[in-house]
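# build the 3D model from these lines:
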Amino acid sequence: MGGEHVGANEFRVVDLTVQRRGGSFSWFLRAVDVAVAALRNFFRRTENDFRRFNYLGEWHSHPSFQASPSATDIATVTEIATDESVGANFVVLVIVRLQSGEVEGSATLFLPDGTNQPAVLELEEVA
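Numbers count the residues shown, from 1 in each chain. Coordinates of the predicted model:
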């Protein structure tokens with residue numbers, strides 16, 4: 001997920017990678033090569049302006065489950081956030097699902113010290 005820094009502690013998602021392989025009904029395997037290639041393209045399009053545009057984190061859907069992180073989701077994103085080679089100041093995990101024709105979701109903020117906390121997710125209408 002690529003994002004734009006739009007204010008103090010406020011970011012807008014401007015780029016999503018959709019992975020079409022690597023999972024089943026109840027689990028998902030992240031293809032790192034797909035994610036890295038997508039990030040490189042995102043950085044190129046945003047002219048490597050890392051102060052304004054950068055990696056925000058990961059997202060996926062829970063079509064048949066609550067739009068909140070599972071224990072596996074938490075462990076996986078904690079690993080990303082605490083990996084010094086990633087070098088992230090934070091990682092956001094967004095989980096979405098379609099429920100009765102409406103998109104619902106959650107966002108969780110993960111920090112390099114291994115902690116996490118709920119974040120505010122605002123869904124904007126696209127005209």
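# CA only for contacts and neighbour counts going forward, please
OK.
# checking the most centrally placed residue in the chain next. Helix, strand or coil?
The centroid of the chain falls nearest to Glu58 when counting by CA atoms, centre = their mean (2.3 Å). Under DSSP: H, G, I helix; E, B strand; the rest coil, Glu58 falls in the strand class.
# who's in contact with the nearest residue to it once chain neighbours are set aside?
In space, and not counting its chain neighbours, Glu58 is closest to Leu93: 5.0 Å by CA to CA, 6 or more residues apart in numbering. Contacts for Leu93 (CA atoms under 8 Å, 6 or more residues apart in numbering) come out as 57-59, 69, 77, 107-110.
# can I get these in TSV with pLDDT?
Compiled in TSV, the contacts of Leu93 are given as follows (pLDDT from 0 to 100):
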residue	pLDDT
Gly57	88
Glu58	87
Trp59	86
Pro69	94
Val77	92
Ala107	95
Thr108	96
Leu109	96
Phe110	96
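# from these, which is closest to Ala8?
Leu109 (15.0 Å; CA to CA).
# separation between the closest one and Ala71?
15 Å (CA to CA, to the nearest Å).
# please identify which of those two sits among more neighbours.
Leu109 (20 against 8; other CA atoms under 10 Å).
# quick one: which helix or strand includes the closest residue to Phe53 other than its chain neighbours?
Among residues not flanking Phe53 along the chain, Glu4 sits closest, at 4.5 Å (CA to CA, 6+ apart). Per DSSP states H and E, Glu4 falls inside strand 2-7.
# alpha carbons only: can I get that strand in CSV?
Provided in CSV are the C-alpha atoms of strand 2-7 (Å, rounded to 0.1, in the frame of the first residue of the first chain):
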residue,chain,number,x,y,z
GLY,A,2,1.5,3.3,-1.1
GLY,A,3,0.4,6.5,0.6
GLU,A,4,0.7,10.2,0.6
HIS,A,5,1.4,12.2,3.8
VAL,A,6,-1.3,14.8,3.9
GLY,A,7,-1.1,16.1,7.5
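# any idea how far Leu39 is from the residue nearest to Glu58?
Applying CA to CA to Leu93 and Leu39 gives a distance of 16 Å.
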